[in-house]
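> Would you be able to build a 3D model of this:
(2 chains, ligands or ions: 1)
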Amino acid sequence: MMLRSRERACRRFESLSSEGLDRTLTGAESQFLEAHREVCEACRQFEEQGALALNMLRQIAIEPECDDNFDRRLIRRARTQTVREGFRYWSPVAVGATIAMIGVLAVLQVSLRSDSLPERRTEMGEAMRRTSTFPAVPELDETPKLTP
Amino acid sequence: MVDAQYSTATRFEPGDELAWVARCRRGDETALALIIQRHRNRLIRTAANLLRDRHEAEDVSQEAFLKAFRELHRLRDDRAFSGYLYRICVRLCMDRLRLKRAEPSEFDSVQDHEGGAVENRVVIARILEQLPADLRATLVLREMEQLSYEEVAEVMQVPIGTVRSRLHTAREKFRKLWSEAMREL
Ligand SMILES: [Zn+2]
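Numbers count the residues shown, from 1 in each chain, chains lettered A, B, ... in the order given. Have a look, this model is predicted:
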């Protein structure tokens, strides 16, 4: 029973000591931490080690020196990207325009061909008309007799 | 020409960026250079702290700038450019961290180094390598980059509650691994 309540207290200590890094603890919470530190060596050490670790983490933050070469390289890449993007943007338009041009050419060619058609049609029409002027074939009432 | 003109430190006035972003949309290279100059150090520093590699950090920062410029049309409010760029950078770093974790690591354990005479810096870097990408990024953004909970939430696109719980877990894991490493030394 005692052990369980001690474990609970240690867990609460861990939790509050972590929360204490980001918010102001209440008076009761701070008092609890203080009291637990007095009686629990493990938690005290854990807290000290944790604070040391986080301190180390902050200390090893990298502050890289950036040179103008970075800017030059990036601007060059941005320029290439712009050209590439421009090509990607305009290429569907170019393809569309080419297809449209081919279409127009095809239509033009067809219409030029159809201009030459009327002559033939006239000829055919005349031929048809001529046949209609032929004398009507008389209906045969009887079989024509063959004279020797 | 642009490079030479803006290679020296330039004073930035608040509100300048709004005009630069607008000029960037029209393909103005001078504005591009000014934006790069303004944000590069912060981006490289964050990427370096997340990835623990300066060269890779420069690489990722360049990618972030290019992506931001390429997708500038997606940005609805030009005033949000700074956060938008930073978010892209952190996301690219997270992608790399996830890929790295998927690869078999050369140093699987904190204790695997020569002779015990190891700098704390190396120990910390190895501990960070052992944390999952989400926890590592949360810890680095909060502890090293000193971002507020709200800022971490915005950058990582998660609710504040998630940041709080991730940070708690990350700190606990970090402390535990640190204590183990210290016992081994
Ligand atoms: Zn305890």
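> buried stuff in the host helix or strand of B:His55?
Using DSSP states H and E, B:His55 sits within helix B:54-70. Judged by neighbour count using 16 or more other Cβ atoms under 10 Å in any protein chain shown, the buried positions of helix B:54-70 are B:54, B:56-69. In this view, the C-beta of every residue, glycine as well, is placed from N, C-alpha and C.
> Packing partners of whatever helix or strand A:Ala97 lives in?
Using DSSP H and E, A:Ala97 maps to helix A:68-115. Applying 3 or more Cβ pairs under 8 Å, 6 or more residues apart in numbering or on different chains; DSSP states H and E, one finds that helix A:68-115 contacts helix B:2-6, helix B:29-51, helix B:54-70.
> Any chance of CSV for these, columns mean pLDDT?
Shown next, in CSV, are the helices and strands packed on helix A:68-115 (pLDDT from 0 to 100):
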stretch, mean pLDDT
helix B:2-6, 41
helix B:29-51, 93
helix B:54-70, 94
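> among those helices, which is nearest the ion?
Closest to the ion of those is helix B:29-51 (Cβ to the ion; 32.1 Å).
> helices or strands next to the closest one in the packing?
Helix B:29-51 packs on helix A:68-115, helix B:2-6, helix B:16-25, helix B:54-70, helix B:81-102, going by 3+ Cβ pairs under 8 Å, 6+ apart.
> that older thread, averaged pLDDT, the helix holding A:Ala97. What do you get?
Averaging pLDDT along helix A:68-115 yields 82.
> what about B:Leu147, neighbour count?
21 (other Cβ atoms under 10 Å in any protein chain shown).
> Chain neighbours aside, what residue packs nearest to it?
B:Leu141 (4.7 Å; Cβ to Cβ, 6 or more residues apart in numbering or on different chains).
> before we move on, the earlier item: a markdown table for the helices and strands packed on helix A:68-115, including distance to the ion?
As requested, the helices and strands packed on helix A:68-115 are exported to a markdown table (distance: least, Cβ to the ion, whole Å):
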| stretch | distance to the ion |
| --- | --- |
| helix B:2-6 | 57 |
| helix B:29-51 | 32 |
| helix B:54-70 | 40 |
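> could these go into JSON lines alongside distance to A:Asp67?
Shown next, in JSON lines, are the helices and strands packed on helix A:68-115 (distance: least, Cβ to Cβ, whole Å):
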{"stretch": "helix B:2-6", "distance to A:Asp67": "11"}
{"stretch": "helix B:29-51", "distance to A:Asp67": "10"}
{"stretch": "helix B:54-70", "distance to A:Asp67": "10"}
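> Tell me which of the ones you listed sits nearest to B:Val155.
helix B:29-51 (9.2 Å; Cβ to Cβ).
> what is the orientation angle of that closest one with helix B:81-102?
Helix B:29-51 and helix B:81-102 are oriented at 40 degrees to each other (axes from the mean of the first three to the mean of the last three Cα atoms, to 10 degrees).
> buried ones in helix B:29-51?
Quick answer for helix B:29-51 (16+ other Cβ under 10 Å): B:29, B:31-40, B:43-51.
> How many neighbouring residues does residue 76 have?
In the absence of a named chain, this looks at chain A. 11.
> nope, chain B please
8.
> How is the chain divided into domains?
I went with chain A, as the question did not name one. Chain A breaks down by automatic domain parsing into domains covering A:7-62, A:70-105.
> Hmm, no, I was thinking of chain B.
B:1-105, B:110-185.
> on that earlier part again, so which of the helices and strands packed on helix B:29-51 is the most surrounded?
helix B:54-70 (a mean of 20; mean count of other Cβ atoms under 10 Å in any protein chain shown).
> and that one, C-alpha only, in PDB?
Output of helix B:54-70 as PDB, limited to C-alpha atoms (Å, rounded to 0.1, in the frame of the first residue of the first chain):
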ATOM      1  CA  ARG B  54      25.100  21.100 -41.900                       C
ATOM      2  CA  HIS B  55      25.400  20.100 -45.600                       C
ATOM      3  CA  GLU B  56      22.100  18.300 -45.600                       C
ATOM      4  CA  ALA B  57      20.600  21.300 -43.900                       C
ATOM      5  CA  GLU B  58      21.700  23.600 -46.700                       C
ATOM      6  CA  ASP B  59      20.400  21.200 -49.200                       C
ATOM      7  CA  VAL B  60      17.000  20.900 -47.500                       C
ATOM      8  CA  SER B  61      16.800  24.700 -47.100                       C
ATOM      9  CA  GLN B  62      17.400  25.200 -50.800                       C
ATOM     10  CA  GLU B  63      14.700  22.700 -51.500                       C
ATOM     11  CA  ALA B  64      12.300  24.500 -49.200                       C
ATOM     12  CA  PHE B  65      13.000  27.900 -50.900                       C
ATOM     13  CA  LEU B  66      12.500  26.400 -54.400                       C
ATOM     14  CA  LYS B  67       9.300  24.600 -53.300                       C
ATOM     15  CA  ALA B  68       7.900  27.800 -51.700                       C
ATOM     16  CA  PHE B  69       8.700  29.900 -54.900                       C
ATOM     17  CA  ARG B  70       7.200  27.200 -57.100                       C
END
